[in-house]
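Asks: The amino acid sequence is not available; the structure is as follows:
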């Protein structure tokens, strides 16, 4: 897996923990979630 | 939409067909809002080919490329996108895509108001706006949606403008055929299409057929045309698979006098180009949602009990494909070639009742309120689902848009009458539960207004409300026809606004009031239809007795 993807997955994993705990997300967190979701959609459509 | 200087940004990250339906929804918005600025965000892979149309209707367009967010600094590309979109000074952002990706993007864009799916502070998704809630609770959940997606998009956008219909092309000698779809379950076998093309060419010497599709459809197109039946007519058949740009295809459609195909973006492009369409809806296609918008377009769909299915339903037999016969399709096409309309009595003369009994034929039109509808061309009774859709359409328009839709009382057969009678007690139950919900919400409000409210009493009322909500879900399980109402208002309850208990209870009271009103109107419509039907039966019997 490319490095940036690996890094993104790690960030999403830590965000998921935040979400599970009900911790409010900031703008940067939402950016990560968007990028992850967008790249996953693109990958599934390839 | 009265602010002349407002700026609306529309997000549509889904496929080409959805983008074309979005174009239908926005194309007349500026007629009564000339100062309005319209912006558009879509994915490059779906929208880049449609720039010739998008440029006509949108002031600013941002197409997200598939490789836009790559490499070391992922966020740089996103920051550039957000910076660009920020310069549009969006007052209202409208997300029409209902995907998580679009919900996160909606969250990131600055705007005074946000409609549609939008990520919330804790990573969940909120659905904003009544029509977006309708999409979430009805369109995405079951088969009882009664509106075209174009009209739903128009409602979400708040557009009051009736859609202007492109002038119809009557000249030309080409019939354009698109015998493909995104999924196997939505398209006929090659051999059936060979028969259709054969019949068109055999009976109409001056007509030629153009088979259009993407590059990936080439093999299937060749398979259709390799049928020995068509050998004689090869000089009047063209294959244009992957060879035309969208703009060229649009222009080609504009010169043709008829389009026939499965549910796909080509049908939407044809209707935008002013070409009459005959759509064959199969598999998971819901004709009212995605048939080409406009007037005098026709739709054929099977009467198979499982049609329309869900895309995830397992199916090996494709019974619905067999229920739509090529004989019926050929006859409809011939009438359209001859007269641009379909006369059902003529079809009855030429087609065996066996083929007619397994399919429905619809013609598109607009109600006096400018709402797209599919009218059954055959005189037969409606299916149970279609019957409830008529009622739902009336009630949703009244509840959400304050529009009174005029419709005649539908005729009932025995099965329908039985079905309606069995639904009545469930509607009454839903109404009564809503009345109880109102009562307990009011008890809490009254208690809260006292100097020393009894907390235990408030808690017991809250428990009763929770019980009522559970019972409403049970009513939906017992009578799935009522799920659109239950799901819609459950969604509203889940996002009730209120900074304190008084505000929350007031919202709760209003929601129960809406459920009660909805159930009451629905019940009244059913009662009136049943009474009207009884009168009709009595009048017919009396006439018969006299004779």
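Replies: Good, I have the coordinates. In this text the structure is predicted, and so the values were computed from the model without any measurement.
Asks: wait, doesn't residue B:437 sit right on residue B:468?
Replies: Yes - contact criterion CB atoms under 8 Å: residue B:437 and residue B:468 qualify, at 4.8 Å. In short, each C-beta sits where N, CA and C put it, glycine included.
Asks: These two: which is more packed in?
Replies: residue B:437 (26 against 20; other CB atoms under 10 Å in any protein chain shown).
Asks: Please name the nearest non-neighbouring residue to the more buried one.
Replies: residue B:512 (3.5 Å; CB to CB, 6 or more residues apart in numbering or on different chains).
Asks: and what of residue B:337?
Replies: Residue B:337's closest residue in space is residue B:204 (CB to CB, 6+ apart), at 5.7 Å.
Asks: quick one: that neighbour from residue B:383, how far?
Replies: Distance from residue B:204 to residue B:383, counting by CB to CB, to the nearest Å: 34 Å.
Asks: can you check residue B:261 too?
Replies: Distance, residue B:261 to residue B:383, using CB to CB: 24 Å.
Asks: Neighbour count for the two, which is higher?
Replies: Using other CB under 10 Å as the criterion, residue B:261 and residue B:383 rank with residue B:261 on top: 24 against 16.
Asks: So that one, which state does it fall into?
Replies: What DSSP: H, G, I helix; E, B strand; the rest coil gives for residue B:261 is strand.
Asks: Give me the residues contacting stretch B:499-507.
Replies: With CB atoms under 8 Å, 6 or more residues apart in numbering or on different chains as the contact definition, stretch B:499-507 has outside contacts at B:441, B:444-445, B:448, B:458, B:496-498.
Asks: Now the two most distant members of those.
Replies: Greatest spatial distance among these (CB to CB): B:458 and B:497, at 19.5 Å.
Asks: Please identify which of these two sits among more neighbours.
Replies: With neighbours defined as other CB under 10 Å, residue B:458 and residue B:497 compare such that residue B:458 has more, 18 against 8.
Asks: Write out the residues of chain A neighbouring chain B.
Replies: Contact residues (CB under 8 Å from any CB of the partner chain) of chain A with chain B: A:3-4, A:8, A:15, A:18-19, A:22-25, A:27-31, A:33-35, A:37-39, A:41-42, A:45.
Asks: Show me which of those residues are buried.
Replies: Listed as buried from those are A:4, A:8, A:15, A:19, A:25, A:29-31, A:33-35, A:37-39, A:41-42; burial here means 16 or more other CB atoms under 10 Å in any protein chain shown.
Asks: Any stretches of chain A with poor pLDDT?
Replies: When residues are selected by pLDDT under 70, those of chain A lie in A:1-2.
Asks: Go ahead and flag the most central residue of chain B.
Replies: Here the mean C-alpha position of chain B is nearest to the C-alpha of residue B:289 (CA atoms, centre = their mean), at a distance of 2.3 Å.
Asks: so it is in which element?
Replies: Assessed by DSSP states H and E, residue B:289 sits inside helix B:287-290.
Asks: Could you list every helix and strand in contact with that helix?
Replies: When contacts are defined as 3 or more CB pairs under 8 Å, 6 or more residues apart in numbering or on different chains; DSSP states H and E, helix B:287-290 sits against strand B:372-376.
Asks: Touching the strand it packs on from outside, list them.
Replies: Residues from elsewhere that reach strand B:372-376 (CB under 8 Å, 6+ apart): B:147-148, B:150-151, B:287-288, B:291, B:293, B:299, B:360-367, B:382, B:386.
Asks: what residues does chain B put near chain A?
Replies: Checking chain B against chain A by CB under 8 Å from any CB, the hits are B:45, B:64, B:66, B:69-72, B:74-75, B:78, B:99-101, B:104-105, B:107-108, B:119, B:121-124.
Asks: Below-threshold pLDDT in chain B: ranges please.
Replies: The model of chain B has pLDDT under 70 over residues B:1-5, B:379-381, B:498.
Asks: And the strands in it?
Replies: Secondary structure of chain B (DSSP state E): strands located at B:7-12, B:37-43, B:60-64, B:92-95, B:113-119, B:125-128, B:174-178, B:208-213, B:237-241, B:258-262, B:276-280, B:298-302, B:359-366, B:372-376.
Asks: what does the domain assignment say about chain B?
Replies: Following automatic domain parsing, one gets these domains for chain B: B:7-157, B:174-380, B:414-535.
Asks: Hmm, residue B:138 and residue B:488 touching each other?
Replies: Yes - at 6.6 Å, residue B:488 and residue B:138 qualify as touching, with contact defined as CB under 8 Å.
Asks: Which one of the strands of chain B lies nearest to residue B:187?
Replies: Evaluated over the strands of chain B, closeness to residue B:187 peaks at strand B:258-262, with 4.9 Å, by CB to CB.
Asks: other SSEs contacting the closest one?
Replies: strand B:174-178, helix B:265-272, strand B:276-280, helix B:326-339.
Asks: Recalculate using a threshold of 6 Å.
Replies: Strand B:258-262 sits against strand B:174-178, strand B:276-280, with contacts defined as 3 or more CB pairs under 6 Å, 6 or more residues apart in numbering or on different chains; DSSP states H and E.
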